[in-house]
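Novice: What shape does this take:
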Amino acid sequence: MADLFGASAASVPDGAHRPLADRLRPTKLGEVIGQRQVLGPEGPLTVMLGAGALSSLVFWGPPGVGKTTIARLLADETDLHFVQISAIFSGVPELRKVFDAAKIRRQNGQGTLLFVDEIHRFNKAQQDGFLPHMEDGTILLVGATTENPSFELNRAVLSRAQVLVLERLDADDLENLARRAEEELEVKLPLDPSARQALLDMADGDGRALLNLIEQVAAWTVDQPLDSAALGKRLSKRAAQYDKGGDEHYNLISALHKSVRGSDPDAAVYWFARMLEGGEDPRYLARRIVRMAVEDIGLADPQAQAVCLQCWDTYERLGSPEGELALSQAVIYLALAPKSNANYVAYKGARRAAKATGSAPPPKHILNAPTALMKDQGYGAGYAYDHDAEDGFSGQNYFPDEMERPSLYQPVERGFERDLKKRLDYFAKLRTQRES
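Specialist: Residues are numbered from 1 along each chain as shown. Next comes the predicted model:
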């Protein structure tokens, strides 16, 4: 079920307006829509409740997917007193009061389930403050976060809590929720099938958002069902969930990068468009596109980097929104280009070798000797000038004398690197002949 508001129905005076989301709040876990991965017969919450061993939890998921509702119902199922706070509005004094009240409850034989919304907003010291009360049983902590707990929560808190991922409601979940809303309101939404689907799409997997939209639509008086175009005129489309500094930002750029690497231009341009629709800075995308050219195409197509830079320059000249078309062109080019990470692998290998060999000097034969002293020390002695060789290749060693020659650059049999591999193999053959 959608993540609904915190006040209980019993606390609302008779006759007062209650939002549809509040009226449809589940009263038991079996009524929750969605989240089968945690509430199904073999789901972790079902198993914990069946064993009578509910542990502290962190719910990680987008808005409107049931975090608050499930936490409240868990308290009911386990006869724990439910306390809800928000990390946005609470500080150390409020936490101290919550812990003191929980201690008194515990002395009187009543446990406390403390639900902390937006728990990632608490700093490290505040998060550490939960630990002793979790360990001595004063509270059972259920935190909710829209951000990746691995990055936002203390390791100590995570070690004492199980992270459960709550997912966006799918199309079937949203349709079930819409039907439940129609039954509660005792009306049929005045929408034709296309408009009904458009309404579900507007919710973008957020149950609470869907109920708010349904409440608006149900109040309309129309002569005939509305189509999707008419619905669009009456409702502003809800912006897709996208936080340019949060998980969705990194999830979508990862999807774009991997689609390019996977040579799927349709998927690549789709994720590119998703990021633009979410308000991403096109210049950030331009930088990442150039990185893809260097990291995943490399010398398999030396033109790829130039294409990306040209498209970026075109964007700067045209500006938005016309310039985004040039960036889209670069994305499609990269997706269809031959792929190689040989340069990337060689670079990382060279960095590791550089760290391992420390300050080992170059061999003296490739050092310049501008002074007599340096000549006396053997600088430049025995250097073979490659242009003097018949084939333009001396085959000398250019690594430190005490370093075993590594093989860092391994071109692939794709694109232009196929030709580079032939050259590399040719020089390796000559080097072997020179050494024999």
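Novice: which ones are touching the nearest residue to S394 once chain neighbours are set aside?
Specialist: Nearest non-adjacent residue to S394, counting by CB to CB, 6 or more residues apart in numbering: A384, 3.8 Å away. C-betas here are computed from N, CA, C, even on glycine. The contact partners of A384, taken as CB atoms under 8 Å, 6 or more residues apart in numbering, are 365, 394, 396.
Novice: Provide the secondary structure category for A384.
Specialist: Three-state call for A384 (DSSP: H, G, I helix; E, B strand; the rest coil): coil.
Novice: how about it, phi and psi?
Specialist: Main-chain dihedrals, A384, degrees, to the nearest 10: phi -100, psi 120.
Novice: pLDDT at it, what is it?
Specialist: A384 is assigned a pLDDT of 91 by the prediction.
Novice: repeat for G279
Specialist: The model's pLDDT for G279 equals 82.
Novice: go on, L114?
Specialist: 96.
Novice: Distance from the helix or strand of the chain with the lowest mean pLDDT to the middle of the chain?
Specialist: Here the helix or strand of the chain ranked lowest by mean pLDDT, DSSP states H and E is helix 149-152, holding a mean of 86. The chain centre lies 11 Å from the centre of helix 149-152; the measure is CA atoms, centre = their mean, to the nearest Å.
Novice: Keeping just the C-alphas, turn the helix or strand following that helix into CSV.
Specialist: The helix or strand immediately downstream of helix 149-152 is helix 155-159, counting by DSSP states H and E. This file holds the C-alpha atoms of helix 155-159, laid out as CSV (Å, rounded to 0.1, in the frame of the first residue of the first chain):
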residue,chain,number,x,y,z
ARG,A,155,28.0,1.0,9.6
ALA,A,156,27.2,0.5,13.3
VAL,A,157,23.5,1.1,12.7
LEU,A,158,23.5,-1.1,9.6
SER,A,159,25.1,-3.9,11.5
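Novice: Could you pull out the buried residues of helix 155-159?
Specialist: By neighbour count on 16 or more other CB atoms under 10 Å, the buried set for helix 155-159 is 157-158.
Novice: which strands and helices sit next to it?
Specialist: Counting contacts by 3 or more CB pairs under 8 Å, 6 or more residues apart in numbering; DSSP states H and E, helix 155-159 packs against helix 124-128.
Novice: just checking, what packs against the helix it packs on?
Specialist: When contacts are defined as 3+ CB pairs under 8 Å, 6+ apart, helix 124-128 packs onto helix 155-159.
Novice: Within its sheet, name the partner strands of whichever helix or strand comes after the helix it packs on and how each one runs.
Specialist: The helix or strand immediately downstream of helix 155-159 is strand 162-165, counting by DSSP H and E. Here strand 162-165 has these sheet partners by DSSP bridges: strand 57-60 (parallel).
Novice: Can you list the buried residues in the helix or strand following the strand it pairs with?
Specialist: Heading C-terminal from strand 57-60, the first helix or strand you meet, by DSSP H and E, is helix 67-77. Across helix 67-77, burial judged by 16+ other CB under 10 Å covers 67-75.
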